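J.: got a structure for you, letters missing:
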Ligand SMILES: Nc1nc2c(c(=O)[nH]1)N(C=O)[C@@H](CNc1ccc(C(=O)N[C@@H](CCC(=O)O)C(=O)O)cc1)CN2
Ligand SMILES: Nc1ncnc2c1ncn2[C@@H]1O[C@H](COP(=O)(O)OP(=O)(O)OP(=O)(O)O)[C@@H](O)[C@H]1O
């Protein structure tokens, strides 16, 4: 029989579809274990970097939950920020402070975000770590997101700025290598649970 060892180069669209499906199928137990594991890794990194202003995200679509991590950060007096879709710059994010019991609203994608209030916006230059959601990643630290380019724009030229972008991912989100576009920003690192 003729064995085809040729690697199929998948499109970004196909990778997104496939990994999102796999991620949605993780069990509740797998999700809980991943959350506990990632919380410990993230706390260690935050301590190491002496980070005070930390951007997180609220999970959807099977992403690793950040709830436990957020609670721990509040307990330690750290400032937590969440991405909010920019009201008049399409494709851009604002980062708003997240505090216990603040009102959250669903954006057009159904993701919870803080109510827009200019007083709670922090310029990205003042963030120490931006933990990013992602759909797929590879060994080189490349990141494939949901396809809106939101984090690519936010992370543009981060090497010259004062924050580091760190991805949070389930092991099942790793692929051998991602097809890269000119605007893709490699991450500082990726924590994998
Ligand atoms: N938790 C979390 N928050 C986040 C992101 C994320 O990836 N995860 N984002 C990271 O960028 C931004 C939102 N980006 C998103 C981009 C596309 C879709 C989405 O569901 N797209 C549909 C089709 C488009 C539509 O319904 O209009 C889809 O692919 O099925 C969702 C979020 C900001 N907040
Ligand atoms: N820095 C940028 N400036 C202008 N357009 C950009 C920039 N980065 C990405 N884009 C545009 O955004 C679109 C989506 O990009 P891409 O598919 O890489 O998103 P993604 O990384 O998967 O999504 P996200 O970052 O929201 O999770 C592309 O069409 C690209 O042209």
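T.: Sure, I can see it. These numbers come from a predicted model, not from an experiment. Ligands and ions are numbered 1, 2, ... in the order given.
J.: Spell out which residues of the protein are next to ligand 1.
T.: Contact residues, the chain versus ligand 1 (Cβ under 6 Å from any ligand atom): 57-60, 63, 83, 93, 109, 111, 133, 145-148, 150-151. Bear in mind the C-beta positions are built from the backbone N, C-alpha and C, glycine included.
J.: Now do the longest helix seen in the chain: which elements does it pack against?
T.: Secondary structure assigned by DSSP state H gives helix 28-49 as the longest helix of the chain. On a contact count with 3 or more Cβ pairs under 8 Å, 6 or more residues apart in numbering; DSSP states H and E, helix 28-49 meets helix 67-75, strand 129-132, strand 164-169, strand 189-192.
J.: what does that helix contact?
T.: If you take Cβ atoms under 8 Å, 6 or more residues apart in numbering as the criterion, helix 28-49 is touched by 26, 51, 54, 62, 64-69, 72-73, 78, 128-129, 131, 164, 166, 168, 170, 189, 191, 193.
J.: centre of the chain versus stretch 38-47, how much separation?
T.: Relative to the chain's own centre, stretch 38-47 is displaced by 15 Å; criterion: Cα atoms, centre = their mean, to the nearest Å.
J.: Return the set of buried residues in that stretch.
T.: Across stretch 38-47, burial judged by 16 or more other Cβ atoms under 10 Å covers 38, 39, 42, 43, 45, 46.
J.: Kindly report the same for stretch 143-157.
T.: 143, 144, 145, 146, 150, 151, 154, 155.
J.: how long is it end to end?
T.: 15 Å (Cα to Cα, to the nearest Å).
J.: So which residues make contact with that stretch?
T.: 12, 15-16, 83, 85, 91-93, 109, 124, 130, 132-137, 165, 167, 178, 183-187, 190.
J.: Narrow those to those that are buried.
T.: Among the contacts of stretch 143-157, the ones that count as buried (16+ other Cβ under 10 Å) are 12, 15-16, 83, 85, 92-93, 124, 130, 132-137, 165, 167, 178, 184-187, 190.
J.: Keep only these that also lie close to ligand 2.
T.: Within these, those near ligand 2 by Cβ under 6 Å from any ligand atom are residue 184.
J.: Which pLDDT value belongs to residue 9?
T.: As predicted, residue 9 sits at a pLDDT of 59.
J.: whoops, residue 45 was the one
T.: The model's pLDDT for residue 45 equals 98.
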